[in-house]
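# only geometry, no sequence info:
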């Protein structure tokens, strides 16, 4: 006598089949289309990780040769084959910090003005101009910085600073125009549109009712901006600033042209320096030996990792901000977008 | 929060008088709002300066020779950048030939299958790649292609492709998300296969806006210099073979600007002017288009929602 199959088993098996059938598209073209798009998507994701891998592999000789000392060594000399990234990290840090110092108040102010105060006829052209700052190619910034901004800085700003503020170590020494200060100013101009556009997005997520409620308490408009807009969006603003920092770190051409290109650590902002990105632009095509190339790639790898970390941090902050005012709906899983293979 | 003092007179009238603190608040308000206005003016000034200088310094060297002649050796007058202009056209053209379908495909995936796990991962990667330093992408292409096949226009356009893909994908996603959901549901309810709903209904309804996104992406990669420095390298002459190093406009501007010869610097300014005008032309017209397009088409869509 044959053994009777377990009815529970049959039931579960059938229901499995049934569910399988329900999830399937009846049109084969739909499945093909879906897998085609999925293939395109995965190929970019794969390329991204392959990129990390390739750059790490190319920089491995430098990391294995110098070890962690690579990041604390001041010298960068291709004759003695002694490479260290500290002076580059210093140059990057100083220029980026200077850029943030100059750009953050301006860009938050622009975002506030355009979103909350200005009438439409003024907001549109002004917003266009600020957004166009992001569209100018960085080589044009570099050209402008080298031939226009640097002489202006030398003749008017740096001479003034070295005359009256030379007791500060950051304003001492000779000034040539090109140097860390010029790099910082150019970077500040370049990151204004990044920070201000994200700030505008963030301010837009704050419900109108919050503003009206605060105004209803009898505050002035500035107090309303402070209480309802700035305090509510502080997380998002920090995210925007970090995003701007990410852009400042990775900016290459403009900085390369105005920073003077000298691998040294000097306190004065007038001195020429070198950033992590600018040394790549300067020396990569003419690296003379294997170790030099590997060290340059190692700098590039650290730059990439730094920018990844910074951007992930910024994304998390901005997402948190969005979630604060628009909490995620629970039934989001069941809409038409959640399933690749729709039952039609 | 206001600290108004209420003074009741004998005849019952009530006078509101502002205290010192209220006056302080009022003037503080004016001051800060004025500061905000000034800050936004400060942000607008550099742009105007850049445009002014690029036009003023470039206009004298942009002539017919600039578009038709090869660069002259240092020290000689005249010459042009025709090799760089053609090179830029070739490299950007090859990058967009692959980048537009690939990027739009990913954008469609991000928007139409937006809650799948792949879409979440892709969105993350796209966000990271958009803000990755472009010079790092150049390093990757150097290790991936240049080490094996040498400097070539293929390597240059591969680098530009990698910069373009996330931009196109993100832009397409944003625009497809503007199409209201009931359009999709209506199409599906008629029994139309999903791919047909996407390809024949959703994409055509916003196709012109997708075109603007693509134009913006092209404008962006046309100005990229850093990844081309050590992938396309540069070339003094016209290109004969695509597997040779190729001159591109931004790289040539960079090299001319640090040459130290006055004539070459003039040429660099002229190149910068052409580049800036190209980028602004695209940006301005796409924006104007979007402005008018939104008014006509998308709003009635959303009213019915």
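Here it is on my side, so go on. Quick caveat: nothing in here was measured; it's all calculated off a predicted structure. Residues are numbered from 1 along each chain as shown, chains lettered A, B, ... in the order given.

# can you report how many residues lie near residue A:71?
The local packing of residue A:71 (other C-beta atoms under 10 Å in any protein chain shown) involves 15 other residues. Every residue, glycine included, has its C-beta placed from N, CA and C.

# taking the stretch 151-300 of chain A, what residue is nearest to chain B?
Nearest to chain B, among the residues of the stretch 151-300 of chain A, is residue A:250, at 2.7 Å (C-beta to the nearest C-beta).

# after the longest helix seen in chain B comes which helix or strand?
Longest helix of chain B, by residue count under DSSP state H: helix B:20-58. Using DSSP states H and E, the next helix or strand after helix B:20-58 towards the C-terminus is helix B:64-68.

# show me the shaky parts of chain A.
Applying pLDDT under 70 to chain A picks out residues A:1-26, A:325-344.

# actually chain B, sorry about that
Ranges of chain B meeting pLDDT under 70: B:1-18, B:294-305.

# quick check: buried residues in the longest helix of chain B?
Neighbour-count burial for helix B:20-58 flags B:22, B:25, B:29, B:32-33, B:36-37, B:39-40, B:43-44, B:46-47, B:50-51, B:53-54, B:57-58 (criterion: 16 or more other C-beta atoms under 10 Å in any protein chain shown).

# so residue A:143 makes contact with residue B:269?
Yes - assessed by C-beta atoms under 8 Å, residue A:143 is found in contact with residue B:269 at 6.9 Å.

# the two: which has the busier surroundings?
residue A:143 (31 against 27).

# I'd like to know which elements the strand or helix carrying residue A:224 is packed against.
Residue A:224 belongs to helix A:221-224 when assigned by DSSP H and E. Judged by 3 or more C-beta pairs under 8 Å, 6 or more residues apart in numbering or on different chains; DSSP states H and E, helix A:221-224 is in contact with helix A:208-216, helix B:20-58.

# related to what we said a few turns ago, spell out which residues are contacts of both of residue A:143 and residue B:269.
residue B:54 (C-beta atoms under 8 Å, 6 or more residues apart in numbering or on different chains).

# ramachandran angles for residue A:287?
phi -70, psi 130 (degrees, to the nearest 10).

# from residue B:127, how far out is the nearest residue to it once chain neighbours are set aside?
Counting by C-beta to C-beta, 6 or more residues apart in numbering or on different chains, residue A:287 lies nearest to residue A:293, which is 4.2 Å off, once chain neighbours are set aside. To residue B:127, residue A:293 is 30 Å away according to C-beta to C-beta, to the nearest Å.

# so for the two, which residue has more residues nearby?
Between residue A:293 and residue B:127, counted using other C-beta under 10 Å, the more crowded position is residue A:293 (20 against 17).

# okay, buried residues for the helix or strand containing that one please.
Using DSSP H and E, residue A:293 sits within helix A:290-325. Neighbour-count burial for helix A:290-325 flags A:291-304, A:306-308, A:310-311, A:313-315, A:317-318, A:321 (criterion: 16+ other C-beta under 10 Å).

# next one: stretch A:147-167
Here stretch A:147-167 shows A:147, A:148, A:149, A:150, A:153, A:154, A:157, A:158, A:161, A:162 as buried, counting by 16+ other C-beta under 10 Å.

# and the third one, what is it in contact with?
Taking C-beta under 8 Å, 6+ apart as the definition of contact, the neighbours of residue A:149 are A:182, A:185, A:186, A:258.

# what's the answer for the fifth one, then?
Residues near residue A:153 by C-beta under 8 Å, 6+ apart: A:177, A:181, A:182, A:185.

# again, 10 Å this time
A:145, A:159, A:161, A:175-179, A:181-182, A:185, A:258, A:270 (C-beta atoms under 10 Å, 6 or more residues apart in numbering or on different chains).

# no further questions, thank you.
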